[in-house]
Every structure is written in C-alpha cells, then in structure tokens.
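# Need coordinates for the below:
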Amino acid sequence: MVSSRKPAQVSSWTMTCVVAAISAGLAGCQSVATEAAKSQPAAPILSPDSAAFIGLGDRELSNTLGKPKQVRKDAPAEVWQYSGADCVVDFYLYDSDPAGTDGRMEVAYVEARDLRAESAASERCVKSLLQSAEGARL
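Numbering: from 1, shown residues only. Okay, the predicted model is just below:
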C-alpha cells in the first residue's frame, strides 16, 4: 500500500541535534541546543501595538527593526529613530539597570509623527516599520 502523506519537514536545528546526538551522545545534543539558542536573534515582534515595544531591550529592537536611521544621545536616554513610508517613530531607551552597570538599554517610551512632524498614530507607524523591516529580511 502506498501512502499519500507527505514526509514531515525537519528543521535545521533538529538535524543538527540529531547529528550531535549520534556523534557525541545526548549531552552533546543539549550543548548544541543551548548554543543555537544563544546565537539566534530574538523573534521579531509581530504586533503593531507600540506598547509591545515597552521594556524591549536594545538588541531585540535592532533585531526586530534593523539599524535605526539616527541615534541621538540625550543622557540618560538614547533616542532611536526609524522612518517608515509615511511617518517617523522615535524609541526612547534608558538603562535597564538603575545603576547602569549592565550596559543594556530598554525601550521606555514610543512616539510617532508624520512626515510633516505632526503627531501620528503610533500603531499605524509601527505597523509600517514592521512591514518595511519584514520586506528587508526577505
């Protein structure tokens, strides 16, 4: 009897894990999984809700939207500016550690404006940025 089911797709991580398990045993598989998790960028934010960016770290923000068009340093903040097709979004980042010892910044506030510098809906502008970033990844 011939089956009409298609074989399941195997991810590259699964193949790496299988190869590692065969060559180094189960402990090697755990090591490969841990290393893969460390080297993978954070999953992009798919919600156009600007509130979803609050608390997001600087690395996660750049992994999601790419390199900002402009970075302005206004101690103790950094303002990362991204431009979409018809608006500009500023992400205000502050030290995630109040003592400032970890060197990590995180988003505390998001502000959007149209190309005439008038206030714009953050959600619409963030959605435009996400679409642009997704198009750049493809």
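
# Flag the helix or strand of this structure with the lowest per-element mean pLDDT.
helix 12-24 (a mean of 38; mean pLDDT, DSSP states H and E).

# How about stretch 124-133, which residues are buried there?
Across stretch 124-133, burial judged by 16 or more other Cβ atoms under 10 Å covers 125-130, 133. C-beta here means a position set from N, CA and C on the backbone, and glycine is covered the same way.

# Where strands are concerned, which of these count?
Assignment to strands by DSSP state E places none of the buried residues of stretch 124-133 there.

# residue ranges of the helices in this structure, please?
12-24, 26-39, 58-65, 122-137 (DSSP state H).

# just flag whichever of these has the lowest average confidence.
The weakest mean pLDDT among the helices of the chain belongs to helix 12-24, with a mean of 38.

# OK, contacts around the closest residue to residue 93 other than its chain neighbours?
Nearest non-adjacent residue to residue 93, counting by Cβ to Cβ, 6 or more residues apart in numbering: residue 105, 3.9 Å away. Residues near residue 105 by Cβ atoms under 8 Å, 6 or more residues apart in numbering: 57-58, 78, 93-96.

# Make a ChimeraX selection of the buried ones in these.
Command for ChimeraX that selects the buried part of the contacts of residue 105, burial taken from 16+ other Cβ under 10 Å:
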select :58,78,93,95,96
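
# The contacts of residue 105 into a markdown table, with extra columns for distance to residue 64?
Formatted as a markdown table, the contacts of residue 105 follow (distance: Cβ to Cβ, whole Å):
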| residue | distance to residue 64 |
| --- | --- |
| 57 | 10 |
| 58 | 11 |
| 78 | 16 |
| 93 | 13 |
| 94 | 18 |
| 95 | 20 |
| 96 | 17 |
